[in-house]
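1. Could you look at this predicted model? Sequence included:
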Amino acid sequence: MPISNPLQKRGVTIPKDIIADTPDHASLSRRSTSSISALSDCLELITPLYIENSTKGADNTSAINPSAVHSGTSVSIIITKAERGVGSYNSKHVAMGPHDDVQTMNSLKTHFEEAPYVSALYTLATIATIIVLVDYVRMLNLWRKMPPGPFPLPIIGNTFSLPDKKPWMYFEKLSQYYNAPLITFWIGRNPTVWLNDAWCASELLDKRAGIYSSRPHMVVFGDLGSGNDNLVTMKYGERWSSPALYSLWTDVLTL
Amino acid sequence: MRSYRNLQNNESKLIAQYLLDEPEKYVAHFERYAASVVSIIAYGRRIPSYLDPIITEVIAVMHNAADLNVPGKTFPMLMETFPLLAKFPNWMAPWKKGLGGRETGKRFFFSLAKEANDESPNENFSRQIFELKDKYELNDREISAISGNLFGAGSDTSASTLVSFVLAAVMFPEAVQKAQKEIDSVVGSDHSPNFEDLLQLPYVEAFVKEVFRWRSVAIIGGQPHAPVQDDYYGKWFIPKDTWVQGNLWFALHQSSRD
């Protein structure tokens, strides 16, 4: 590995193991496919140096002593300030030197101009991450308020802890484990509530039949199956409760 | 419902004969019995033999429907987890296994209903629906759903319960002996047991109910329910449109509320 670290050039001694982990500038520019990874590279660079400087400044007493860190950083900032003669520095400048960072930024700029799709991809990835996070907050918030159940993962929920056979035995175990007649199990991003005893089933499905007689949105059985053509998958409020269908059933049942 | 008892009595005599002739085919006999009762009611058409193609067709449709009712982690039920996958057209989505071609499954029951309406010499449910077709503006898919639901509710469920009865009889022979004794003393040997005798057969009735409890069909409560508004059970929140399903298995196997 060629040694072209700016601090090395400046005569600052760096322990060998840190040099081995420190990317040289050519590879840094190559690897800088985004500002994020460039920044993380720089942070990798600076972190061991901080400790190195601070241990020196505090006479090898303690690497995590706040005053030691302070004296170490101030020394390195003074050096770069003197070289560049301008104010306002962050840790990046210390590691990369006054001219090298401009080079890196230029190569980054060229890189983005050459491949605009890369930045578009990162924007998309960021948006997707935000959407997943917001949705996961919704899931966890419901998980907290709903009947007890296993902890759901983002997007997939508890889907993959469902046993291949006899899921009712598994739900029985969950009900006993949480000591609750109702449990919540997440099929993907959707919670499903399982009634595990006759009393809660009677309370919800019988006594509150006016609320609980509708159907959920079912993708496979509903959307891809009989959907709104069959009372079995039909929701309340659409054709289900139309006066026509009601009297159809009274007609059929009295025939 | 009582008007259907005669045909159930008749079919039960037939099934006793079939079981004596070919006992090893008992599952096929139960399936034929259950499908035949439903078919007479819905389509005015007996199913005389378990080799009738309508049986295999109906049982296949119903097994498929039962599978699609249990959430799972394999396709096609994985589409419930990732609904986006269901939006793909069928030709580029092998995981849909042909689901969503709405007409295919429906055509079968509609053609049965139409045939029953046009040709059957017997009074049947399908003809009643066709008579109401114009009044309620029923489309073909609705007609096939209304008549086909009788099969969904009555064929595979009854046949499975009868198979469970055999399992119970094998596992608890002493209970079968008691039931046999009761039938012998109450019904005698002049006729086969029927619905009128049932009033004097408490042990047999309890046996039947115990089979229903011990190995219930629709073990996860059949079709899921959903509340039309946000609701609370005690301190627990149940949001609108949540998939609510009953675990019949656990509910029917608890000895007491503890």
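-> The structure has been received and is ready for your questions.

2. Not counting its neighbours along the chain, what's nearest the residue of chain B found nearest chain A?
-> Scanning chain B for the residue nearest chain A gives residue B:81, at 3.2 Å (criterion: Cβ to the nearest Cβ). For every residue, glycine as well, the C-beta is placed using N, CA and C. The shortest distance from residue B:81 to any residue other than its chain neighbours is 3.2 Å, reached at residue A:188 (Cβ to Cβ, 6 or more residues apart in numbering or on different chains).

3. Pull the contacting residues for residue 208.
-> Just so you know, I chose chain A. Contacts here follow Cβ atoms under 8 Å, 6 or more residues apart in numbering or on different chains; on that basis residue A:208 touches B:227, B:231.

4. was after chain B, sorry
-> residue B:165.

5. Relative to the whole chain's centre, how far out is the helix or strand harbouring it?
-> With secondary structure defined by DSSP states H and E, residue B:208 is part of helix B:202-214. Relative to the mean C-alpha coordinate of its chain, helix B:202-214 is positioned 18 Å out (Cα atoms, centre = their mean, to the nearest Å).

6. since we're on whichever residue of chain A sits closest to chain B, how many residues are nearby?
-> Of all residues in chain A, the one sitting closest to chain B is residue A:188 (3.2 Å; Cβ to the nearest Cβ). Burial of residue A:188, expressed as a neighbour count using other Cβ atoms under 10 Å in any protein chain shown, amounts to 21.

7. wait, doesn't it sit right on residue A:162?
-> No: between residue A:188 and residue A:162 there is no contact, the gap being 11.0 Å when judged by Cβ atoms under 8 Å.

8. mind listing the helices for the stretch 151-258 of chain B?
-> Remark: helices of the stretch 151-258 of chain B, listed N- to C-terminal, are B:156-171, B:173-186, B:195-198, B:202-214, B:248-252; assignment by DSSP state H, counting those that start in this stretch.

9. for the stretch 51-200 of chain A, same thing?
-> Taking DSSP H, counting those that start in this stretch to define them, one finds helices in the stretch 51-200 of chain A at A:66-84, A:91-96, A:100-114, A:116-145, A:167-177, A:198-201.

10. circling back: make CSV from the helices of the stretch 151-258 of chain B and add mean pLDDT to it.
-> Listed next are these as CSV, based on pLDDT from 0 to 100:
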stretch, mean pLDDT
helix B:156-171, 94
helix B:173-186, 95
helix B:195-198, 89
helix B:202-214, 95
helix B:248-252, 88
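
11. for these, which one sits closest to residue A:215?
-> Smallest distance to residue A:215 across these (Cβ to Cβ): 18.1 Å, for helix B:248-252.

12. Other residues contacting that closest one?
-> Contacts of helix B:248-252 from elsewhere in the structure, counted by Cβ under 8 Å, 6+ apart, are A:168-169, A:171-172, A:175, A:195-198, A:201, B:213-214, B:216, B:218-221.

13. Can you mark which positions in it are buried?
-> Burial within helix B:248-252, assessed by neighbour count using 16 or more other Cβ atoms under 10 Å in any protein chain shown, is assigned to B:248-251.

14. Thank you kindly, that will do.
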